[in-house]
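Q: Fold the stuff below for me.
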Amino acid sequence: MIVLETLSPTERAVFVLREAFGVSYDEIAAAVGKSPAAVHQIAHRARQHVDARRPRQVVTPSETRAALAAFQRAVEAQDLQGLLDVLAPDVVLVGDGGGVKQAALRPIIGAERVVRMFFGGLGKVEGTLTGEPTMVNGNSALLVRLNGEVDGIMAVRVENARITGLYYVRNPEKLTRVEYEIPLTLR
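A: As a prediction, the model looks like this:
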């Protein structure tokens, strides 16, 4: 889903209709108001974008924790170069405020843009932001607090020891159980 969010709405519609449902190019063209040749090109381009953003290798939990720790240190120290070093040049930041909390409306692509957003945004925060390592859905993440209250979860995707994806969830409906550990039982 996160990779699909980096596509334009038309690319996303064409990709899903073609790849997931096997709809013909002619039917998709009628649905999106484009010619079949244009839809064929859009589908090709969308496949390339999706393939380029898929993780190419399995990253160990320790590699993810190390990248996340380097990210946290750089942000807390406002170390511009340290943050650029841990972010991949084509990193993508996706925010989710659920329409309730402020978040990036569109994916922010590129290390320099992400760094500008972080350092520009942190200066506007009224209060104290802290981050603490946590596990979310079996993966390392940062629990971000504002004045001691949960503000969000920062999850990451890592490739080659660099962060290629940042996912900041601030939507309160998605954070209701973030401070609780839910025991799993086998039946």
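Q: alpha carbons only for contacts and neighbour counts from here, please
A: OK.
Q: Which element, helix or strand, includes the residue lying closest to Val32 once chain neighbours are set aside?
A: Computed as C-alpha to C-alpha, 6 or more residues apart in numbering, the closest residue to Val32 that is not its neighbour in sequence is Thr10, at 7.2 Å. With secondary structure defined by DSSP states H and E, Thr10 is part of helix 9-15.
Q: Just the buried residues of that helix, please?
A: Residues of helix 9-15 classed as buried: 11-15 (neighbour count, 16 or more other C-alpha atoms under 10 Å).
Q: And the strands in the protein?
A: With DSSP state E as the criterion, the chain has strands at 87-96, 108-109, 129-136, 139-146, 149-159, 162-169.
Q: Sketch out the low-pLDDT regions of this structure for me.
A: The chain contains residues with pLDDT under 70 at 1-3, 5, 53-57, 122-123, 180-185, 187.
Q: longest helix of the protein?
A: Secondary structure of the chain per DSSP state H: the longest helix is helix 36-53.
Q: Give the buried residues for that one.
A: Residues 36, 39-40, 42-43, 46-47, 49-50, 53 are the ones in helix 36-53 that count as buried (16+ other C-alpha under 10 Å).
Q: just to revisit the earlier point, tell me the helices and strands packed up against the helix holding Thr10.
A: Helix 9-15 sits against helix 36-53, with contacts defined as 3 or more C-alpha pairs under 8 Å, 6 or more residues apart in numbering; DSSP states H and E.
Q: What I need now is the strands of the chain written out in JSON lines, including mean neighbour count and distance to Thr6 for each item.
A: Below are the strands of the chain laid out as JSON lines (neighbours: other C-alpha atoms under 10 Å; distance: least, C-alpha to C-alpha, whole Å):
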{"stretch": "strand 87-96", "mean neighbour count": "22", "distance to Thr6": "8"}
{"stretch": "strand 108-109", "mean neighbour count": "18", "distance to Thr6": "9"}
{"stretch": "strand 129-136", "mean neighbour count": "16", "distance to Thr6": "22"}
{"stretch": "strand 139-146", "mean neighbour count": "20", "distance to Thr6": "21"}
{"stretch": "strand 149-159", "mean neighbour count": "21", "distance to Thr6": "15"}
{"stretch": "strand 162-169", "mean neighbour count": "23", "distance to Thr6": "11"}
